[in-house]
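# Got a sequence here, can you build the structure:
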Amino acid sequence: MVNISGISDKSQQVNPVKKQEKADGVFQKTLDNAIATKAPQMQKTNAMQLGEIRTTNINPVNFTSLDIAKKSDQVLSMLENYSNDLLNPSKSLRDLEPQIKQLKKDTEELMEGIISSDEDDNIRQHAAQCAMLGSLEVMKFERGDYV
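Okay, the predicted model is just below:
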């Protein structure tokens, strides 16, 4: 092998890699310099305390029995249209998804109206049943009962 490659058995020494000499104390000097320089002082100013933000233009939403009755009727109409579309073989579940999203939104609004209303118990009970039917259909759709 010595004759072929021209390399003797002794390993050739390549110039050894010189380690960079450690900069003695450079970090410490930089740290001391940073500590010695002071950040500019902030000037003190008088500021008013933050208080509660008062709203004068916002009126609380009060649902009347008429609003609850209209929303209940709307939810029932949507449920009727939805049930007819479920029976229609040309409609896919993907086609029904926008209806379900709207039904969910209207049902939630109806529930908010029921909760915030001080109206007659019969109207509230009827509206609660409508909202329960709507939320049940939304839950069935989202759960995948119709797949």
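# can you give me the helices in this protein?
2-5, 26-36, 65-87, 93-116, 121-143 (DSSP state H).
# Now for residue 107: which residues touch it?
Residue 107 is in contact with 75, 131, 134, 135, 138, counting by C-beta atoms under 8 Å, 6 or more residues apart in numbering. Using the backbone N, CA and C atoms, a C-beta is placed for each residue, glycine as well.
# could those go into TSV alongside neighbour count?
Formatted as TSV, these follow (neighbours: other C-beta atoms under 10 Å):
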residue	neighbour count
75	23
131	23
134	26
135	17
138	18
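# mind putting these in a markdown table, distance to residue 27 and pLDDT included?
Output for these, formatted as a markdown table (distance: C-beta to C-beta, whole Å; pLDDT from 0 to 100):
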| residue | distance to residue 27 | pLDDT |
| --- | --- | --- |
| 75 | 71 | 93 |
| 131 | 68 | 92 |
| 134 | 68 | 93 |
| 135 | 65 | 93 |
| 138 | 64 | 92 |
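# Distance check, the spatially closest residue to residue 100 that is not a sequence neighbour against residue 82.
Excluding the flanking residues, the one nearest residue 100 by C-beta to C-beta, 6 or more residues apart in numbering is residue 141, at 4.8 Å. Residue 141 sits 9 Å away from residue 82, going by C-beta to C-beta, to the nearest Å.
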